[in-house]
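Participant: Based on what follows, work out the 3D shape:
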Amino acid sequence: MHRIPLGLCAAALLAGPAAAVELSVHYLRQDVPLPPTLSNLDPQPEDLGMAGARVGLDDNTTTGKFLGHTYTLEITEVAEGEDLLAAARAALAETPYLLVDAPAADLLAIADMPEAAEALIFNVAAADVALRDAECRANVLHTLPSDAMRTDALAQLLVLKRWDDLVLISGTYPVDVAYADALRKSLRKFGLSLEAEKTWAFDADMRRNASQEVPLFTQDFGDYDALLVADEVEDFGRYILYNTWQPRPVAGSEGLSPRTWSPVVEQWGAAQLQSRFTDTIGRDMESKDYAAWAAMRSLGEAVVRTSAADLPTLRSYILGDTFELAGFKGRPLTFRPWNGQLRQPIPIVHPRALVAQAPLEGFLHQRTELDTLGLDEPESACTAFD
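Facilitator: Residues are numbered from 1 along each chain as shown. You can find the predicted model right below:
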């Protein structure tokens, strides 16, 4: 286990005299071995997520430097096999504000520690729907969209394009299975259904024989409007495109994809955030980076608006009606008070351009159209926030 201290000053947009405020944040990352995949063309950045927290800290500094607010960020990486809960206990001894980059089970283990009872934990890595549902915790907020938010966004686009004859290929890893399950539920939610499904269980090297194997694998789908792919580990999806028996659109984890964030998003001031991130980090911002950035900025925004750093004040403000985060997605972002999920638009992209941004026109909601994405209040079994 190694710890990377990052002490920086932070602050706010408005100049003027104010009492000094100090806020300490800790980013806790559980290193998880990546599953073997067919291609290594897109290696995961070593600083994924952590880089977003750093840029969020820099933005807090720029935003409030005249208010005398001081922010510090410390990062702890826990290697596979080391004691994550011990690292969390040490972090909580220093600050109640944690950004946790860990699988769902580990996140819940941290949230349920006695030391975390008076903490505010931001989930920046786990997309599991259950964390926003029956397995929610009152001390956990989610800045990463759930699987359901992303698949709902895709389902809205399928409805808009009238692609209602759909088939699915799903991988076998747990994250693939979870994404496929979210896809099925989203299709039902918006009046669509799957005509056929297949499981990808090949272990052959598709780099050499995709053009022979994939057409045969997809031939018995017959005709359809679009082929959906559940391949969240990015194992086989790239080999499906342009190799199917029928020349049809591919969507989901590959092809036309709903993302938390993408370098191709340039509207709504997003290009400015992209440039700041690239200038600071030296690579494109990715979805986990955005989630960590949004967590840091949520805390910074709350400190600026309340001139406080104590947990009850910040938590109450963040979950309150007046909180808004400028998230470079075309509309203010807010937290759902019933399960702690950050409401946010979902860009639907291909590798070269933005195609659409959900919620799409025509999908209405009595509160906000953003609540058409993911678990709405009547759908969620979360009671921890009552």
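Participant: just checking, what packs against the helix or strand hosting residue 288?
Facilitator: For residue 288, the host element (DSSP states H and E) is helix 287-306. Helix 287-306 sits against strand 21-30, helix 50-64, strand 69-78, strand 97-101, strand 120-123, helix 270-281, helix 311-318, with contacts defined as 3 or more CB pairs under 8 Å, 6 or more residues apart in numbering; DSSP states H and E. The C-beta positions use only the backbone N, C-alpha and C, and glycine is treated the same way.
Participant: If I take that helix and helix 50-64, what angle do their directions form?
Facilitator: 30 degrees (axes from the mean of the first three to the mean of the last three CA atoms, to 10 degrees).
Participant: Can you show me the CA trace of helix 287-306 as PDB?
Facilitator: Output in PDB follows, covering the C-alpha atoms of helix 287-306 (Å, rounded to 0.1, in the frame of the first residue of the first chain):
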ATOM      1  CA  SER A 287     -15.900   8.100 -17.400                       C
ATOM      2  CA  LYS A 288     -14.400   7.300 -14.000                       C
ATOM      3  CA  ASP A 289     -12.300  10.500 -14.200                       C
ATOM      4  CA  TYR A 290     -15.500  12.400 -14.700                       C
ATOM      5  CA  ALA A 291     -17.200  10.700 -11.800                       C
ATOM      6  CA  ALA A 292     -14.200  11.600  -9.500                       C
ATOM      7  CA  TRP A 293     -14.100  15.100 -10.800                       C
ATOM      8  CA  ALA A 294     -17.900  15.500 -10.200                       C
ATOM      9  CA  ALA A 295     -17.400  14.300  -6.600                       C
ATOM     10  CA  MET A 296     -14.700  16.800  -5.900                       C
ATOM     11  CA  ARG A 297     -16.600  19.600  -7.500                       C
ATOM     12  CA  SER A 298     -19.800  18.700  -5.500                       C
ATOM     13  CA  LEU A 299     -17.900  19.100  -2.300                       C
ATOM     14  CA  GLY A 300     -16.300  22.300  -3.500                       C
ATOM     15  CA  GLU A 301     -19.600  23.800  -4.600                       C
ATOM     16  CA  ALA A 302     -21.100  22.900  -1.200                       C
ATOM     17  CA  VAL A 303     -18.300  24.600   0.700                       C
ATOM     18  CA  VAL A 304     -18.500  27.700  -1.500                       C
ATOM     19  CA  ARG A 305     -22.300  28.000  -1.000                       C
ATOM     20  CA  THR A 306     -22.400  27.300   2.700                       C
END
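Participant: Low-confidence stretches in the chain?
Facilitator: 1-19, 37-41, 203-209 (pLDDT under 70).
Participant: can you give me the strands for the protein?
Facilitator: In the chain, the strands defined using DSSP state E lie at 2-9, 21-30, 69-78, 97-101, 120-123, 140-142, 166-170, 194-199, 226-230, 250-252, 257-258, 346-350, 353-358.
Participant: Figure out which of the ones you listed is closest to residue 339.
Facilitator: With CB to CB, the closest approach to residue 339 among these belongs to strand 140-142: 7.8 Å.
Participant: Pull the residues that contact that closest one.
Facilitator: Applying CB atoms under 8 Å, 6 or more residues apart in numbering, the contact partners of strand 140-142 are 107, 111, 120-123, 131-132, 295, 298, 318-319, 335, 339-342.
Participant: State whether residue 325 and residue 293 are indeed in contact, as I suppose.
Facilitator: No: Residue 325 lies out of contact with residue 293 (CB atoms under 8 Å); the separation is 10.2 Å.
Participant: Those two - which one has more neighbours?
Facilitator: Neighbour count, other CB atoms under 10 Å: between residue 325 and residue 293, residue 293 has more, with 29 against 22.
Participant: Relative to residue 51, how far out is the more buried one?
Facilitator: 9 Å (CB to CB, to the nearest Å).
Participant: which residues does the spatially most central residue of the chain contact?
Facilitator: The centre of the chain sits closest to residue 144, judged by CA atoms, centre = their mean, with a distance of 2.6 Å. Neighbour list for residue 144: 123, 124, 125, 126, 127, 260, 287, 288, 291 [criterion: CB under 8 Å, 6+ apart].
Participant: The closest residue to the first one other than its chain neighbours - how many residues pack around it?
Facilitator: Which is residue 123. Excluding the flanking residues, the one nearest residue 123 by CB to CB, 6 or more residues apart in numbering is residue 142, at 4.6 Å. Neighbours of residue 142 under the rule other CB under 10 Å: 29.
Participant: how close does residue 142 get to residue 385?
Facilitator: 12 Å.
Participant: Now list whatever residues contact both of those two.
Facilitator: 339, 340.
Participant: before we move on, the earlier item: as CSV, the helices and strands packed on helix 287-306 with distance to residue 157 and mean neighbour count would be great.
Facilitator: Formatted as CSV, those follow (distance: least, CB to CB, whole Å; neighbours: other CB atoms under 10 Å):
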stretch, distance to residue 157, mean neighbour count
strand 21-30, 33, 22
helix 50-64, 26, 23
strand 69-78, 37, 21
strand 97-101, 29, 28
strand 120-123, 26, 27
helix 270-281, 19, 16
helix 311-318, 30, 17
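Participant: So for residue 368, which of those sits nearest?
Facilitator: helix 311-318 (16.8 Å).
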